[in-house]
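Undergrad: have a look; sequence and predicted model below, questions after that.
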Amino acid sequence: MKIPRRRIVEDLVAKASAMGAGGLNVEYKDGTEYVCAMKGQMGVGIAQFRSDGVEAQALREELARLSGKRGDTKVGEGEYTIRVETYESFGETAFLVEIVDA
């Protein structure tokens, strides 16, 4: 999945919210960033990026910048508030993105 660098988080939020998900989970494993749309405790993979690629680097940079903050983002006709938290998963920084209707 190739997403323009400047819109990567917004596009993933749009895809997840269209599925009725309440958040995203981004984790690293074996040279790949895996993105899952989360609904409750269930997750569905919606994207994966090679960790050394431009998309993965842009995604991690944007999520790190948003970490610990609330931010509003406009996706299509909808507006959402997102909250990004980090946690450690097998020695790597992972991200949990909560999506809330604004």
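TA: Now that the structure is in, tell me what you want to look at.

Undergrad: contacts and neighbour counts: CA atoms only from here.
TA: Fine.

Undergrad: what ranges do the helices span in the protein?
TA: Residue ranges of the helices in the chain, as given by DSSP state H, are 8-18, 54-66.

Undergrad: pretty sure Gly22 is touching Asp101, no?
TA: No. Contact criterion C-alpha atoms under 8 Å: Gly22 and Asp101 do not qualify, at 9.4 Å.

Undergrad: just give me the neighbour total for Cys36.
TA: Around Cys36 sit 22 other residues, with neighbours defined as other C-alpha atoms under 10 Å.

Undergrad: which one of Gly22 and Asp101 has more residues nearby?
TA: Shown here are Gly22 and Asp101; by other C-alpha under 10 Å, Gly22 has more neighbours (18 against 12).

Undergrad: how far away is the more buried one from Ser89?
TA: 20 Å (C-alpha to C-alpha, to the nearest Å).

Undergrad: show me what contacts the residue most central in space within the chain?
TA: Geometric centre of the chain, nearest residue: Leu24, 4.8 Å, by C-alpha atoms, centre = their mean. Contacts for Leu24 were tallied using C-alpha atoms under 8 Å, 6 or more residues apart in numbering; they are Val13, Ala16, Val35, Cys36, Ala37, Met38, Phe95, Leu96, Val97, Glu98, Ile99.

Undergrad: verify the stated contact: the fifth one with Ala16.
TA: Yes. With contact defined as C-alpha under 8 Å, Ala37 reaches Ala16; the gap is 5.2 Å.
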